[in-house]
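Engineer: sequence and predicted model, in that order:
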Amino acid sequence: MPSRRDLFAFALSGAAALTALGAAADDATPTETPSPTDTPTPVPTETPTATTTETPTETPTPEPTETPTEAATATATATATATTAPATQTPTATRTATTVPGKTATPTRTPTRTPTRTPTKTPTVTLPPSPPQTAAVARLKRVRDDAGHELPYTWRPALAQPARTLVLLHGRGVNTAPSASWSTTWNVLAPVDLYGPGGDGSWWLGEHGDFFVARLLRTLIGQVRRRTPDLGLYLAGTSMGGYGAILHGMLLGARAVYANAPQTRLLGAAFPGTSAGRFVLGSAASPYADLCAMASRYRVPWCWVDARRYDPVSGYGDHVAPLIATGAATGFEVRPLAGHHTARSFGQIVGLFDDYRGEIEGW
């Protein structure tokens, strides 16, 4: 059994060995053993390459697009306007750019201020008041023109159609009641002339050279003849109505005319006189001043004239003799009597047309 001294010496030798071993460990380079799970990362070996000096290519940087501001737009607009605007400048719409942070600028249209147009007022047309008329005439049908003139009338068609159409034209001052004449075998149209001097009649023409009554009469006759096709147009009248029958017989191409004590000249005769004639005609140059002169320019229908030799109104020398001299009166009868009267009744007038119907239709 080792002694205590031997154990102490062994312990000292062991401690010396451990000290020597620690010093040797500090001097040696440690070698790491890789873990089986750790794969060593190879360090890349740099291969030396030729060194080249590259001249960097400058990529052109696009110039920033300037977003027009209100001031720039106003300047450009003012310049364009000053350069291209004509003498009279018309307001135009201007586009300005509104920039919103974080958003693309969107052009905003500044609305053009359109000048307010003051509406043109349509002039108010004041129609003339209706001429004085009796209650009997006021109840009649009538035709009107755009100026407010009117022509009352009665219309009595024949019982059997087609029939001949007879237009009855009254004399001056005989316009307070419509004609009551009618026939079973004739279409009878009786208009009423409410114009002229004193509202007593305008010789079936009009006033002051405006022949609106003549136009209304033509319109009326056309209307009734379209509604009721007939066997021909006939006209009859006394005094002023005789003038109208001859005049419109020529203008409308009537088959036949009957005129009792007619006036044939509205100027240059004792009646109607210069004042009344000019009131109607408006001018001495009117083509309607003298029926005898018109007879040389128009086809004159078959025409019968009744007259009195000493008539103070439709003087024979002033009106009837000149008409007979032109040959316009196909037939006539001049009685050696005075006065201004009707020679034939309505029945006698249509009887005259019936008696000469063959001659009239062959005229």
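Structural biologist: Structure's in. What do you need? On a predicted model such as this, the values are computed, not experimentally measured, just so you know.

Engineer: number of nearby residues for Ser179?
Structural biologist: Neighbourhood size, Ser179 [other C-beta atoms under 10 Å]: 18. (C-beta placed from N, C-alpha, C; glycine too.)

Engineer: pretty sure it sits against Tyr153.
Structural biologist: No. Ser179 is beyond contact range of Tyr153, at 9.4 Å (criterion: C-beta atoms under 8 Å).

Engineer: what is in contact with these two at once?
Structural biologist: Residues touching both Ser179 and Tyr153 (C-beta atoms under 8 Å, 6 or more residues apart in numbering): Ala190.

Engineer: low-confidence stretches in this protein?
Structural biologist: Scanning the chain for pLDDT under 70 picks out 1-130.

Engineer: now do the helices in it.
Structural biologist: 4-27, 70-84, 135-138, 212-227, 240-252, 273-281, 291-294, 321-325, 346-355, 357-361 (DSSP state H).

Engineer: how about the last one: buried residues?
Structural biologist: Right, helix 357-361. Of the residues in helix 357-361, Ile360 count as buried by neighbour count, 16 or more other C-beta atoms under 10 Å.

Engineer: ok, now the third one?
Structural biologist: Using 16+ other C-beta under 10 Å as the test for burial, helix 135-138 gives Val137.

Engineer: how about the fifth one?
Structural biologist: For helix 240-252, burial by neighbour count (16+ other C-beta under 10 Å) applies to 240-250, 252.

Engineer: columns distance to Arg172 on top of these, output as TSV?
Structural biologist: What follows is the buried residues of helix 240-252, written out as TSV (distance: C-beta to C-beta, whole Å):
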residue	distance to Arg172
Met240	4
Gly241	8
Gly242	11
Tyr243	10
Gly244	10
Ala245	14
Ile246	15
Leu247	14
His248	16
Gly249	19
Met250	20
Leu252	21
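
Engineer: distance-wise, check Val257 relative to Trp204.
Structural biologist: Here the criterion is C-beta to C-beta, to the nearest Å. By it, Val257 lies 13 Å from Trp204.

Engineer: right, I mislabeled it, should have said Ala245
Structural biologist: For Ala245, the distance to Trp204 - C-beta to C-beta - is 9 Å.

Engineer: same check, this time on Leu323
Structural biologist: As judged by C-beta to C-beta, Leu323 and Trp204 stand 17 Å apart.

Engineer: ok, the two, which is more surrounded?
Structural biologist: When Leu323 and Trp204 are compared for neighbours, Trp204 comes out ahead with 28 against 24, by other C-beta under 10 Å.

Engineer: surely the more buried one touches Leu169?
Structural biologist: Yes. Counting by C-beta under 8 Å, Trp204 touches Leu169, with 6.0 Å between them.

Engineer: overlap in contacts of these two?
Structural biologist: Counting by C-beta under 8 Å, 6+ apart, the shared contacts of Trp204 and Leu169 are 193, 240-241, 244, 248.

Engineer: for Arg344, state which of the residues you listed is nearest.
Structural biologist: Using C-beta to C-beta, Gly241 comes nearest to Arg344 of those, at 12.9 Å.

Engineer: which residue sits closest to that closest one, ignoring its sequence neighbours?
Structural biologist: Leu169 (3.6 Å; C-beta to C-beta, 6 or more residues apart in numbering).

Engineer: what are the bridge partners for the one you found, then?
Structural biologist: Beta-bridge partners for Leu169, by DSSP bridges, are Gly237.

Engineer: quick check, nearest of the buried residues of helix 240-252 to Gln263?
Structural biologist: Lowest distance from Gln263 to these (C-beta to C-beta) belongs to Tyr243, with 4.7 Å.

Engineer: contact partners for that closest one?
Structural biologist: Residues near Tyr243 by C-beta under 8 Å, 6+ apart: 203-204, 237, 259, 262-264, 266, 291.

Engineer: quick check, nearest of these to Val174?
Structural biologist: Minimum distance to Val174 across those is 10.1 Å, recorded for Gly237 (C-beta to C-beta).

Engineer: so for Ala245 and Trp204, which residues contact both of them?
Structural biologist: Residues touching both Ala245 and Trp204 (C-beta under 8 Å, 6+ apart) are Leu169.

Engineer: straight-line length of stretch 283-302, end to end?
Structural biologist: Start-to-end span of stretch 283-302 (C-alpha to C-alpha, to the nearest Å) is 30 Å.

Engineer: just give the nearest non-adjacent residue to Ser239, would you?
Structural biologist: Gly171 (3.7 Å).

Engineer: so what's the one you found up against?
Structural biologist: Taking C-beta under 8 Å, 6+ apart as the test, what Gly171 contacts is 201, 237-242.
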